[in-house]
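K.L.:
quick one, fold the following:
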Amino acid sequence: MARPGFRLAFLATLLALVVVLLGAYTRLTHAGLGCPDWPGCYGFISVPSSEAQLAHAELHFPDTPVEPHKGRNEMVHRYFAGSLALMIILLAAKAVRRRHQQGQPFMLPMLLLGVVVFQAAFGMWTVTLKLWPQVVTAHLLGGVATLSLLFLLTLRLSGAFAPLPQLPVRLRHLAALGLVLVAAQIALGGWVSSNYAAIACADLPTCHGQWWPKADFVNGFRLTQHIGPNYLGGQLDSDARTAIHLTHRLGAMLVTGVLLALAWQLNRAGLKIMAWLVVLALAVQVALGISNVIFHLPLPIAVAHNAGGAALMLTLTLVNYRVRSALGWAVKAAPGHSFAARHQGQGLHPDKQPGTAIGHRLLR
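P.N.:
Residues are numbered from 1 along each chain as shown. Got it, this is the predicted structure:
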């Protein structure tokens, strides 16, 4: 049976997915500076439209003429993000009120509240620092983290899953590795996007007709870029963008290998549905990534690629939640090596394994 707050958490998760996609659409339509100020737009709560508003915008922002379509994209994203922030504040308030009720999460809503505060700051800095790649990438990661944590909260409140039987320890470790690698690949994707390196290599499987073209990894991943210039369109040269693009491709290969191994282990453990979910999400994301290169980054496919990354992250969140909430973990796949068997008579419970307390506090 679902616990109190489930519906609100579920709706917030759906809204967070919309916000992530709107952020991607805003970035891909080069509308990140569609409003040169924050939180308003040229000093107004919406994009200037009347003659008086346009005159005010021209007077106070002479270097950034009003582009209504870009301003609308930016403001719609802000409206949805603001609505999401209010829902997370409400979730946190309800968690405080119910903190003494058994089974009600408390730490997770508080963590979400902290993340959304940082997200608001990064949203402001994205504009005031003129799309500084470090901030844009961090803002993307914050959005994905918000989505994943809301989904985790929804899972915890759903009451829909029965405890799993004992699972191999290596499965838990592989699931955690997959989650970390997917997060890292999303960060690389954000770095590709914020440095406008998505079509730095326009061919597959080679790049510029070579298996290893000239690439400047030092400048491509220099995190000490100056704050001040307008980074719309990017500031890096071709070799640096090539290095970023190549790294993202290599990361995709690594993620693919690890997730296929994870799917195989899930299938061996009898979790066939989750195994197929991993394979499906991975296949769709790889296909979208390849399509971006072949078709030279069409907007619908580029936005779908962002959606695919979010879906892959949600899938790994579900897998880790289910694997880590199992009754116990066997050290080996063979029978007779469960935690309970190894510690029989010692008065220990599977949840008391060393190193699992923190994970259980958030995941169970």
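K.L.:
those strands in the stretch 251-364 of the chain, which residues are they?
P.N.:
Assigned by DSSP state E, counting those that start in this stretch, the stretch 251-364 of the chain shows strands spanning 329-330.
K.L.:
quick one: low-confidence parts of it?
P.N.:
For the stretch 251-364 of the chain, the stretches flagged by pLDDT under 70 are 327-364.
K.L.:
residue boundaries of the helices in it?
P.N.:
Counting by DSSP state H, counting those that start in this stretch, the stretch 251-364 of the chain has these helices, from start to end: 272-294, 299-324, 339-342, 357-363.
K.L.:
with distance to Arg78 and mean neighbour count added, can I get these in TSV?
P.N.:
C-betas here are computed from N, CA, C, even on glycine. Shown next, in TSV, are the helices of the stretch 251-364 of the chain (distance: least, C-beta to C-beta, whole Å; neighbours: other C-beta atoms under 10 Å):
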stretch	distance to Arg78	mean neighbour count
helix 272-294	26	18
helix 299-324	18	20
helix 339-342	49	15
helix 357-363	30	13
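K.L.:
can you add distance to Phe44 and give these back as JSON lines?
P.N.:
Listed next are those as JSON lines, based on distance: least, C-beta to C-beta, whole Å:
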{"stretch": "helix 272-294", "distance to Phe44": "35"}
{"stretch": "helix 299-324", "distance to Phe44": "27"}
{"stretch": "helix 339-342", "distance to Phe44": "61"}
{"stretch": "helix 357-363", "distance to Phe44": "41"}
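K.L.:
of all those, which one is nearest Gly190?
P.N.:
helix 299-324 (9.4 Å; C-beta to C-beta).
K.L.:
which strands and helices lie in contact with the closest one?
P.N.:
helix 6-28, helix 133-158, helix 169-194, helix 272-294, helix 357-363 (3 or more C-beta pairs under 8 Å, 6 or more residues apart in numbering; DSSP states H and E).
K.L.:
and the ones you listed, which is most packed in?
P.N.:
Scoring the helices and strands packed on helix 299-324 by mean neighbour count under mean count of other C-beta atoms under 10 Å gives helix 133-158 as the most buried, with a mean of 22.
K.L.:
quick one, phi psi at Leu131?
P.N.:
phi 60, psi 40 (degrees, to the nearest 10).
K.L.:
tally of neighbours for the residue nearest to it when sequence neighbours are not counted?
P.N.:
Using C-beta to C-beta, 6 or more residues apart in numbering and skipping residues adjacent in sequence, the residue nearest Leu131 is Tyr231, 4.2 Å away. Around Tyr231 there are 24 other residues, counting by other C-beta atoms under 10 Å.
K.L.:
verify the contact between Tyr231 and Thr137 for me.
P.N.:
No. Using C-beta atoms under 8 Å, Tyr231 is not in contact with Thr137, being 11.4 Å away.
K.L.:
find residues that contact each of those two.
P.N.:
Ser194 (C-beta atoms under 8 Å, 6 or more residues apart in numbering).
K.L.:
what sits against the residue nearest the centre of the chain?
P.N.:
Nearest residue to the geometric centre of the chain (C-alpha atoms, centre = their mean): Val144, 2.4 Å. For Val144, the contact set (C-beta under 8 Å, 6+ apart) comprises 20, 183, 186, 309-310, 313.
K.L.:
how about His30?
P.N.:
Residues near His30 by C-beta under 8 Å, 6+ apart: 70, 232-233.
K.L.:
name the member of those residues with the most neighbours.
P.N.:
Neighbour-wise, these (other C-beta under 10 Å) top out at Lys70, 18 neighbours.
K.L.:
that one against Ala31, yeah?
P.N.:
Yes. Between Lys70 and Ala31 there is a contact at 3.8 Å, judged by C-beta under 8 Å.
K.L.:
how near is Gly5 to Leu318?
P.N.:
Gly5 is 19 Å from Leu318, where distance means C-beta to C-beta, to the nearest Å.
K.L.:
which of the contacts of Val144 sit farthest apart?
P.N.:
Using C-beta to C-beta, the pair of those lying farthest apart is Val20 and Ala183, separated by 13.7 Å.
K.L.:
in the stretch 1-150 of the chain, which spans are helices?
P.N.:
Going by DSSP H, counting those that start in this stretch, the stretch 1-150 of the chain shows helices at 6-28, 51-60, 68-97, 107-128, 133-158.
K.L.:
packing partners for the third one?
P.N.:
Using 3+ C-beta pairs under 8 Å, 6+ apart as the contact definition, the elements that helix 68-97 packs against are helix 6-28, helix 107-128, helix 133-158.
K.L.:
need the ones you listed in CSV with distance to Asn195, can you?
P.N.:
Output for those, formatted as CSV (distance: least, C-beta to C-beta, whole Å):
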stretch, distance to Asn195
helix 6-28, 12
helix 107-128, 14
helix 133-158, 5
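K.L.:
JSON lines for those, including mean pLDDT?
P.N.:
Shown next, in JSON lines, are these (pLDDT from 0 to 100):
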{"stretch": "helix 6-28", "mean pLDDT": "97"}
{"stretch": "helix 107-128", "mean pLDDT": "96"}
{"stretch": "helix 133-158", "mean pLDDT": "96"}
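K.L.:
no further questions, thank you.
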